[in-house]
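Trainee: got a sequence here, can you build the structure:
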Amino acid sequence: MTNSTGTAGGLLDRVAKHRTRIGYGYLETAVELVIRKGVFPAKGLMKLYGEIAEREKKSARTVSRDIARAVEDLWECGDVKLLQKLLDRQMISGTSPGETIFLLANYLSGGKIRLK
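Mentor: Coordinates of the predicted model:
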C-alpha cells in the first residue's frame with residue numbers, strides 16, 4: 001500500500017523544483033528498493049548504494065555522492081515546506097541522505113518500514 005502521493009518519483013516530482021541531477025534517479029531507486037524490501041539498512045547503506053551502482057554500472061561511492069548532492073539540492077531548492085508537511089517533520093536544515101531515504105520510504109509505505 002502506498003500513500004496518496006503514489007510513487008517515489010511522484011513524490012520527488014512534487015517536492016523538487018527541478019529533477020535534473022542524476023542523483024534524483026538514484027534517490028528514487030533507493031526509496032523504491034527500501035519500500036520493496038520493507039526494511040531500511042541503517043548500518044548497511046553502502047550495500048543499498050551498491051545494489052543501485054551494480055544496476056547503473058557505477059561505483060557505490062559515485063551513487064552515494066550523487067544521492068547526497070540530490071538530497072542537498074532537494075533541501076536547498078525544493079519545496080521544503082511541502083516536504084516538511086508531508087514527512088511531518090520540522091527541520092531547520094536538511095537531513096542526511098540516509099535519513100531522507102528512510103523518511104520518504106516510510107511516508108510512501110504508510111509507516112511500515114522497519115530499521116535493520
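
Trainee: following element in sequence after the helix or strand hosting residue 101, please.
Mentor: Here residue 101, judged by DSSP states H and E, is contained in helix 97-108. Scanning forward in sequence from helix 97-108 by DSSP H and E, the next helix or strand is strand 114-115.

Trainee: quick one: strands adjacent to that following strand?
Mentor: Sheet pairing of strand 114-115 (DSSP bridges) gives strand 39-40 (parallel).

Trainee: if we can go back for a sec, buried residues in the helix holding residue 101?
Mentor: Of the residues in helix 97-108, those with enough neighbours to count as buried (16 or more other CB atoms under 10 Å) are 97-98, 100-108. C-beta: built from backbone N, CA, C; applies to glycine.

Trainee: touching it from outside, list them.
Mentor: 2-3, 5-8, 11-12, 27, 30-31, 34-35, 40, 42, 45, 48, 64, 67-68, 71, 74, 86-87, 89, 94-95, 112-113, 115 (CB atoms under 8 Å, 6 or more residues apart in numbering).

Trainee: which of these are buried?
Mentor: By neighbour count, with 16+ other CB under 10 Å, these hold 5, 8, 11-12, 27, 30-31, 34-35, 40, 45, 48, 64, 67-68, 71, 74, 86-87, 94-95, 113 as buried.

Trainee: which helices and strands sit right next to the helix or strand hosting residue 26?
Mentor: Here residue 26 is covered by helix 22-37, with elements defined by DSSP H and E. Helix 22-37 sits against helix 8-15, helix 45-56, helix 60-77, helix 97-108, with contacts defined as 3 or more CB pairs under 8 Å, 6 or more residues apart in numbering; DSSP states H and E.

Trainee: out of the buried residues of helix 97-108, the closest to residue 80 would be?
Mentor: For the buried residues of helix 97-108, the closest approach to residue 80 (CB to CB) belongs to residue 100, at 12.1 Å.

Trainee: and the gap between that closest one and residue 24?
Mentor: 12 Å (CB to CB, to the nearest Å).

Trainee: joint contacts of those two?
Mentor: When contacts are counted by CB under 8 Å, 6+ apart, the set common to residue 100 and residue 24 consists of residue 74.

Trainee: low pLDDT regions in the chain?
Mentor: For the chain, the stretches flagged by pLDDT under 70 are 1-5, 91-93.
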